[in-house]
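>>> Test case, fold it:
(one chain, ligands or ions: 2)
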Amino acid sequence: MTRQRTAALVGNPNAGKSALFNALTGARQKIANYPGVTVERKAGRLILPSGEPLELIDLPGSYSFDAASPDEEVTRKVVHGEFPGEVLPEVLVIVLDAANLEQHLVFAQEVIALGRPTVVALNMIDLAERDGLTLDPAALSQALGVPVIPTVAVRRKGLAELAEAIARAEVTAGEGGADAQPRQHMTLPERRLAARHMAKAAVLSESARHRLHTGLDKVLLHPWLGVPILFVLLFVMFQAVFAWATPFADGLEAGVGAISEWVVATFPGGFLRDLVTEGVLAGVGSVVVFLPQIVILFAFILVMEASGYMARAAYIMDRLMARVGLSGKSFIPLLSSFACAIPGIMATRSIADPKDRLTTILVAPLMTCSARLPVYALIIAAVIPNTTVGPGVGLQGLVLFALYVAGIFGAMVVALVLRRTVAQGSASGFIMELPRYQMPRLRDLGIGLWQRAWVFLRRAGTIIFMATIVLWVLLTFPKAEPGESQIDASIAGRLATGVHAVVEPIGFNREMALALVPAMAAREVAVSSLATTYAVASDDEEETAMALEEEVAARWSLPTALAFLAWFVFAPQCLSTIAVARRETNGWKWPMFMVGYLFALAYVFAGATYWIAVAAGL
Ligand SMILES: Nc1nc2c(ncn2[C@@H]2O[C@H](COP(=O)(O)OP(=O)(O)OP(=O)(O)O)[C@@H](O)[C@H]2O)c(=O)[nH]1
Ligand SMILES: [Mg+2]
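Residues are numbered from 1 along each chain as shown. Ligands and ions are numbered 1, 2, ... in the order given. Predicted coordinates:
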């Protein structure tokens, strides 16, 4: 009888099936450290200890036989003998990741329930050991009712034993293991529960560290607690941005003020001195004082990344993202957009589905980038009282938190609408391997913070510097006639009158209108523009110059200030983002769509904020 005998490798994605396949057959299947590498069946020849050949089939990873994707469909068909031109494999070899036993045992039970000759390869035990786990293959074998062979595919450990077990499984086909009970009718939650018990029973000993890590995961990834914990962390972060930064920001502000006074005292009055004090020092200085806030924000983000928490945040958010039609793959691009939408949009290249990717690009500018922080911080410090609304809860930090949440919420709603209209499609869930918890290293943290601070200062020294000088010149010429205000007379003032007509209905004053156009270069320019405008204006009125924050507090009504905040949650005030969106979508159509919908939202929400605030008597 020369019938070709076959065995198939099945299991969750990233369990090491292809690595085992290569080790057993000498093939060169692509393996890589992420799920979904193998997407079709591959066959190779394994020589059994008896010298007999056996056809071994490597299959795509699968979470269940209820196939969701085409590659999982391949697995289901091959295992059930429904694949065209393929015989029913006699032996099923389940490959488990020993370091993720609980997760992998769910599908394993479904395979064993088929009642076919089955062998389990308990792979990656080296990783389990590294994590501080000592496993008991015998206990697992007892619980599953099939032989369990420990293997390390990449170091060719346990291969002979596995081949032996495959050969034997064929012989004992149909006899069933000691504990084999009918498991056909288990539901998914029942399988999950059984998986947890079996995984627990299979652990002989666990290091204190591993226990700590699983304990942390139990709390941080808890179905109910996970989301509130994430929000509390973010909440604390925004409180800290205000509470901790204040002394440093005050120091910087005093420093800029001192330099300005020194310049005034040392140099003769005139064009150049005004350019330096009203343009460079008032304008650029007004942005630089937000450096402490930026550093604190990134300190939190970097610690969350380095400790392994950020990946868990992605895991927690995945369900929420799926509900609005985004895949979990969008999480990292959207997260990067909190720093800046440009790297965020570029990171969407990792999203395979084009509609999915387009949606992510279109909503990325709604994530609050760090360029908005100076604008938010200035307005909040100026008009929101520095009081507490509960033990340890500052009102200013609360408002900042609300603005970030408004951006996220806006993005979710927009994504939902886009997925139902112009970017139709369904969400694809993702399962990611969670990295180990780690104590963030101070050195890495320092380097990361330095890089962020440098990016911020470089922007202040280049784009913001240039925009401020151009604006100062436009504000200073032509010179006002006696009795006329300098702003009214200037080129910038006249240009602003046109913009003001458009934004007056939503409560903006003329200085705000004046700040909006140069702020297209970068959002922080809104702050430097206001500073320069007020510096020029107060010079003109022979007033003593006040700090920008005090100017805003004195001149803006609360509804106007709130409307300006609402505007910046949505407005696409960034030419570089538009340019990157054009490059990544290969054309002007989508960037124009993005700019259009964002300005429309900004206008509507700023207007609504203004009129509601006015009606409320604020
Ligand atoms: N340390 C260690 N790494 C392993 C072991 N087995 C596989 N790997 C690694 O785990 C990763 C995934 O292995 P693959 O063989 O591609 O996994 P797969 O099950 O074929 O994954 P899909 O094709 O996506 O279903 C690769 O980076 C392998 O090098 C092992 O026993 N120990
Ligand atoms: Mg594979």
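
>>> any idea how far the helix or strand containing residue 204 is from the chain center?
Assessed by DSSP states H and E, residue 204 sits inside strand 203-206. Strand 203-206 sits 34 Å away from the centroid of its parent chain (C-alpha atoms, centre = their mean, to the nearest Å).

>>> for the next helix or strand after that strand, packing partners?
Using DSSP H and E, the next helix or strand after strand 203-206 towards the C-terminus is helix 208-220. Judged by 3 or more C-beta pairs under 8 Å, 6 or more residues apart in numbering; DSSP states H and E, helix 208-220 is in contact with helix 226-243, helix 309-323. From N, CA and C alone the C-beta is placed, and that goes for glycine too.

>>> mean confidence for the strand holding residue 204?
Strand 203-206 shows a mean pLDDT of 85.

>>> Return the list of strands paired to it, each annotated with direction.
Using DSSP bridges, strand 203-206 pairs in its sheet with strand 133-135 (antiparallel).

>>> Same question for the strand it pairs with: list its buried residues.
The neighbour-count check on strand 133-135 (16 or more other C-beta atoms under 10 Å) flags 133, 135 as buried.

>>> So, low pLDDT: which residues of the stretch 201-350 of the chain?
For the stretch 201-350 of the chain, no stretch has pLDDT under 70.

>>> Report the contact partners of the residue in it positioned nearest to ligand 1.
Evaluated by C-beta to the nearest ligand atom, the stretch 201-350 of the chain has residue 329 as its residue closest to ligand 1, separated by 15.2 Å. Each residue near residue 329 by C-beta atoms under 8 Å, 6 or more residues apart in numbering is listed here: 350, 351, 352, 356, 430.

>>> quick one: buried residues of the strand holding residue 204?
Across strand 203-206, burial judged by 16+ other C-beta under 10 Å covers 203, 206.

>>> Tabulate the CA atom coordinates of that strand in PDB.
The C-alpha trace of strand 203-206 is given here as PDB (Å, rounded to 0.1, in the frame of the first residue of the first chain):
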ATOM      1  CA  VAL A 203       2.000  25.500  35.400                       C
ATOM      2  CA  LEU A 204       4.400  23.800  37.900                       C
ATOM      3  CA  SER A 205       6.000  26.900  39.200                       C
ATOM      4  CA  GLU A 206       5.800  30.600  38.400                       C
END
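
>>> Could you report the neighbour count for residue 314?
20 (other C-beta atoms under 10 Å).

>>> again with residue 579
12.

>>> Could you report the separation of the most centrally placed residue in the chain from residue 411?
When C-alpha atoms, centre = their mean is applied to the chain, the residue found nearest the centroid is residue 335 (2.6 Å). Residue 335 sits at a distance of 12 Å from residue 411 (criterion: C-beta to C-beta, to the nearest Å).

>>> overlap in contacts of these two?
By C-beta under 8 Å, 6+ apart, the residues touching both residue 335 and residue 411 are residue 367.

>>> which stretches of the chain aren't confidently modelled?
With pLDDT under 70 as the threshold, the chain has low-confidence stretches at 1-3, 30-37, 39, 67-68, 170-184, 426-433, 539-545.
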